[in-house]
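Peer 1: Take this sequence and fold it.
(2 chains)
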Protein chains: 2
Amino acid sequence: MFTMKKENYNNIQETLSECRNLMTQFCTSDLSPDSVLYSALHYHLSTPGSESRALLCISACLALGISIQDSARLAAAVESLHNASLILDDLQDSDEHRRGNTAVWRKFGKNVAINASDVLLSSAFALAASAGDDSAQRLVPIMSRSIIKMLQGQTRDLEFCSQSTIDDVISIATEKSGSLFSLCLELPIAYKGHFECLKNASEAGASFGIGYQIFDDLDDQDKDSATKNRCNLVSLITKSGSKYNPANSAEELAVYFLRQASIKAGLLPQGCGGLLIKKCSNLIKKISREAA
Amino acid sequence: MFTMKKENYNNIQETLSECRNLMTQFCTSDLSPDSVLYSALHYHLSTPGSESRALLCISACLALGISIQDSARLAAAVESLHNASLILDDLQDSDEHRRGNTAVWRKFGKNVAINASDVLLSSAFALAASAGDDSAQRLVPIMSRSIIKMLQGQTRDLEFCSQSTIDDVISIATEKSGSLFSLCLELPIAYKGHFECLKNASEAGASFGIGYQIFDDLDDQDKDSATKNRCNLVSLITKSGSKYNPANSAEELAVYFLRQASIKAGLLPQGCGGLLIKKCSNLIKKISREAA
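Peer 2: Take a look at the predicted model:
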């Protein structure tokens, strides 16, 4: 059971606040304040989302004994990548709103959105490289691989068609959502040199990404199938079953992956997967309540 | 005078060949061979351009005594960024052709082009981080800053309008073209720890970027003004003169910046700016011949 002492809670809040500052600072400090890119980035970042990826990373960092300063840098790297992907996602899905505001591409134009996303992608690398004196060599290749997997998932998601199978769609969720959740754990683990644990971190994030995606699709299944030609795991599972067990419902499949994520996160050193385990448990409870 | 021994020429060719292999390997090795991103990247990279940025970087690396293996990695990082920017440029300018082929966005779609460009951007960081055992910490922030400057230049270029001044347009050329030329010299110099020379390297690349851009615009002035609402330095200079000297012709301004680039490159250690100096001299000769 993941419990949090008051001292830990204060450290997490302090780190999160520093993470927000660093994220904005790194992506805008080389831009002219009168440039549209500067305005677009400030606009997007001024309304933070759930920051769940930053929090997962911070929680893992602090459990591993990483300083608040470096924890904030790693979390800001992850959160910058998440924001870069959201700006592109909205453009590529033609979603006009994000976090209650007009999406960047709709407000500033498509080209500004593409370039703002690339600024965040680049500054994410600078953020990770600024954590510690000798960690960049370890962190950069892991980040690059995660981003490339995310981009592959995003591209395959956009190609989704009526011939796509559940296996295709699970791969897409693994790559598109899972890669970044994995990175939240992989960065702190690689920073501390626990290379033997990277595989478990990667698998925990991947399974969580799938479970989370099914949960999310359960929420807006009707909306998605009505408005988009994008993959919705729930409608596909309902239609055709899955290789994991053809009789599985979408809810059972979500629970299966969330349990897998929880098991793998439990194998990570110094309880650094604690917050992910708690998230899995919360999602499983919600699914069970809604199915009841 | 930049002269090249046969041994140097062979080393440059060997490094360039390794650079090409590494560039393709790093951007595609984490992709499924059946994915459209993989196809798009192989398609784009199968027709190399002039590779002038890779060659500038390799020449500087070898002059500084960097191994062929690490020189290839730094050059592949620069060339990956150049390719990333070309794929985006074509999309954002609606240019349908690149290197005699259909442009990536026109052949594979806009979203695939955006994502392929981002794969190259990410793998560029992994390439730079793979050079040497402890250089990533030094190279990554320099790369990130260059990319952000390039993106700012690209964004301002797309916003170019009839109110833009020559100073605006020179800033655009500095950022959009100059940043990457600077990086060709900055990466090897930072790799070797000559931090005191980074400013000269940056200024040499920036001035070369402006001179090269005016030279390029002199070539296709008529085409540009007819088909695009983009900045063309030559038409602007002809219209309104410049702060450098209101009486300057475009040709004189190009020569001024190329001479500046040559002077700064001449201050770099171990003759590592030699190839840039030679390029400046060649461009100045061409401009003089064409003006005569």
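Peer 1: what does the stretch 151-292 of chain A have sitting close to chain B?
Peer 2: Residues of the stretch 151-292 of chain A found near chain B, taking C-beta under 8 Å from any C-beta of the partner chain as the criterion, are A:151-152, A:154-156, A:158-159. (Each C-beta comes from the backbone N, C-alpha and C, glycine too.)
Peer 1: Dump these to JSON lines, plus neighbour count and secondary structure.
Peer 2: Formatted as JSON lines, those follow (neighbours: other C-beta atoms under 10 Å in any protein chain shown; DSSP: H, G, I helix; E, B strand; the rest coil):
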{"residue": "A:Leu151", "neighbour count": "29", "secondary structure": "helix"}
{"residue": "A:Gln152", "neighbour count": "24", "secondary structure": "helix"}
{"residue": "A:Gln154", "neighbour count": "22", "secondary structure": "helix"}
{"residue": "A:Thr155", "neighbour count": "27", "secondary structure": "helix"}
{"residue": "A:Arg156", "neighbour count": "21", "secondary structure": "helix"}
{"residue": "A:Leu158", "neighbour count": "19", "secondary structure": "helix"}
{"residue": "A:Glu159", "neighbour count": "16", "secondary structure": "coil"}
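Peer 1: The residues you listed: which two are farthest apart?
Peer 2: Within these, two members stand farthest from each other by C-beta to C-beta: A:Leu151 and A:Glu159, at 12.8 Å.
Peer 1: coming back round to it: let me know the closest of the residues of the stretch 151-292 of chain A next to chain B to B:Asn11.
Peer 2: A:Leu151 (34.7 Å).
Peer 1: show me what contacts that closest one?
Peer 2: By C-beta atoms under 8 Å, 6 or more residues apart in numbering or on different chains, the contact list for A:Leu151 reads B:37, B:115, B:118-119, B:122.
Peer 1: let's see 6 Å
Peer 2: In this structure, A:Leu151 makes contact with B:115, B:118-119, judged by C-beta atoms under 6 Å, 6 or more residues apart in numbering or on different chains.
Peer 1: can you tell me the residue of the stretch 151-292 of chain A closest to chain B?
Peer 2: Shortest the stretch 151-292 of chain A-to-chain B distance, computed as C-beta to the nearest C-beta: residue-wise this is A:Leu151, at 4.5 Å.
Peer 1: For that residue, which non-adjacent residue is spatially closest?
Peer 2: Setting aside the residues directly before and after it, A:Leu151 is nearest to B:Asn115 in space (C-beta to C-beta, 6 or more residues apart in numbering or on different chains), at 4.5 Å.
Peer 1: how many other residues sit next to the one you found?
Peer 2: Using other C-beta atoms under 10 Å in any protein chain shown, B:Asn115 has 26 neighbouring residues.
Peer 1: Which helix or which strand is home to it?
Peer 2: Of the helices and strands defined by DSSP states H and E, B:Asn115 is found in helix B:110-129.
Peer 1: mind listing the helices for chain A?
Peer 2: For chain A, helices defined by DSSP state H occupy the ranges A:6-28, A:36-45, A:52-63, A:68-93, A:104-108, A:110-129, A:136-158, A:166-173, A:179-191, A:198-219, A:221-227, A:233-240, A:250-266, A:274-291.
Peer 1: Now distance to B:Asp89 too, for the ones you listed, in a markdown table please.
Peer 2: Converted to a markdown table, the helices of chain A look like this (distance: least, C-beta to C-beta, whole Å):
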| stretch | distance to B:Asp89 |
| --- | --- |
| helix A:6-28 | 21 |
| helix A:36-45 | 16 |
| helix A:52-63 | 31 |
| helix A:68-93 | 17 |
| helix A:104-108 | 18 |
| helix A:110-129 | 10 |
| helix A:136-158 | 19 |
| helix A:166-173 | 29 |
| helix A:179-191 | 27 |
| helix A:198-219 | 33 |
| helix A:221-227 | 32 |
| helix A:233-240 | 37 |
| helix A:250-266 | 41 |
| helix A:274-291 | 40 |
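Peer 1: re earlier: okay, the contacts of A:Leu151 in CSV with pLDDT next?
Peer 2: Formatted as CSV, the contacts of A:Leu151 follow (pLDDT from 0 to 100):
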residue, pLDDT
B:Asn115, 98
B:Asp118, 98
B:Val119, 98
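Peer 1: Would you agree A:Met23 is in contact with A:Ala76?
Peer 2: Yes - using C-beta atoms under 6 Å as the test, A:Met23 is close enough to A:Ala76 to be in contact (4.2 Å).
Peer 1: Same drill for those two, tell me which one is more crowded.
Peer 2: A:Ala76 (32 against 28).
Peer 1: residues touching that one, list them.
Peer 2: Applying C-beta under 6 Å, 6+ apart, the residues near A:Ala76 are A:19, A:22-23, A:127.
Peer 1: Just give the number of residues close to the closest residue to A:Ser52 other than its chain neighbours.
Peer 2: Excluding the flanking residues, the one nearest A:Ser52 by C-beta to C-beta, 6+ apart is A:Lys279, at 7.6 Å. When counting by other C-beta under 10 Å, one arrives at 22 neighbours for A:Lys279.
Peer 1: Many thanks, we can stop here.
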